[in-house]
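Asks: only geometry, no sequence info:
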């Protein structure tokens, strides 16, 4: 499979509406295991742009669906899907399964590309002594940023949809974040940019916080005290690992973490972007 899949399901009426503001939802949807509930929540938000992580394609655990395309059809949006992993325990030789990120928009998505991080964990690679069964989650591939340009009727902006490594330390995650931030720096400052995703660590402090600030990005939620990953046991604490940042002539308002939504093991975050 190519690294990118795309489909267009947005109504043509969006081709005639130039927005002053854009409603955004960022969410790790846990493969789309609870797709009806995920769809219902996203529909209720009336979002114009979605950045989704952990999205399945042709995996048996999600009934061999193209989850990104199912969402795009039901929500009336265009989509691009970036392949992160070939899920070896979820498909077959003749019908492989994939896992990755999806960006959905009411407007055209252009020049989509996968930035495969230079530094990766070796945790997921196949090993000869492990059976090809679901608990071992053997994979080919690696973590990515899905970079896309959105053309909102003469209001172009860039979107970086990130999923940083969950296995490994914060130094590994920092290196992956820096690669995406460095790529975003190649655009002229006047082009608005959104960088969002499951970063798998709290970047409100330390080197990551300094990197974000020096690169001109601002926290889209307007707060650093929140959590998007609930505790899973008495030994586990809630975590702040899902983030969104903006740079350039964007103003982010109405940031919210939706802690009542239980359709995934992450909470969705939402906010509104206004063009300056």
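Replies: Everything's here; your move. No experiment lies behind these values; they were computed from the predicted model shown.
Asks: residue 221: which element?
Replies: Under the criterion of DSSP states H and E, residue 221 resides outside all helices and strands.
Asks: again, but for the one 10 residues further on
Replies: Per DSSP H and E, residue 231 falls between elements, in no helix or strand.
Asks: residues contacting the spatially closest residue to residue 9 that is not a sequence neighbour?
Replies: Nearest residue to residue 9, sequence neighbours excluded (CB to CB, 6 or more residues apart in numbering): residue 72, at 4.7 Å. Using the backbone N, CA and C atoms, a C-beta is placed for each residue, glycine as well. Residues near residue 72 by CB atoms under 8 Å, 6 or more residues apart in numbering: 7, 9, 78-79, 104.
Asks: looks to me like residue 207 is in a helix.
Replies: Yes: counting by DSSP: H, G, I helix; E, B strand; the rest coil, residue 207 is found in a helix.
Asks: who's in contact with it?
Replies: With contact set as CB under 8 Å, 6+ apart, residue 207 has these partners: residue 174.
Asks: that one and residue 270, how far apart?
Replies: According to CB to CB, to the nearest Å, residue 207 stands 28 Å off from residue 270.
Asks: ok, residue 165 next?
Replies: Taking CB to CB, one finds residue 165 at 25 Å from residue 270.
Asks: chain center to the helix or strand of the chain with the lowest mean pLDDT: distance?
Replies: Least confident helix or strand of the chain, by mean pLDDT, DSSP states H and E, is strand 139-141 with a mean of 91. Distance of strand 139-141 from its chain centroid, counting by CA atoms, centre = their mean, to the nearest Å, is 18 Å.
Asks: again with stretch 148-163
Replies: 13 Å.
Asks: now, of the contacts of residue 72, which are buried?
Replies: 7, 78-79, 104 (16 or more other CB atoms under 10 Å).
Asks: just those residues: which are in strands?
Replies: 7, 78-79, 104 (DSSP state E).
Asks: what's the farthest-apart pair in these?
Replies: 7 and 104 (9.7 Å; CB to CB).
Asks: anything in contact with each of these two?
Replies: With CB under 8 Å, 6+ apart as the test, residue 7 and residue 104 both reach 68, 72, 78-79.
Asks: make TSV from those and add distance to residue 196 to it.
Replies: TSV is the format used below for these (distance: CB to CB, whole Å):
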residue	distance to residue 196
68	16
72	18
78	18
79	16
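Asks: farthest pair within the residues you listed?
Replies: 68 and 78 (10.5 Å).
Asks: which residues of the stretch 101-250 of the chain fall in helices?
Replies: Remark: helices assigned in the stretch 101-250 of the chain by DSSP state H, counting those that start in this stretch are 170-184, 206-214.
Asks: count residues in the vicinity of residue 34, would you?
Replies: Applying other CB atoms under 10 Å, we find 16 residues neighbouring residue 34.
Asks: and for the nearest residue to it once chain neighbours are set aside, the neighbour number?
Replies: Excluding the flanking residues, the one nearest residue 34 by CB to CB, 6+ apart is residue 263, at 4.4 Å. Applying other CB under 10 Å, we find 22 residues neighbouring residue 263.
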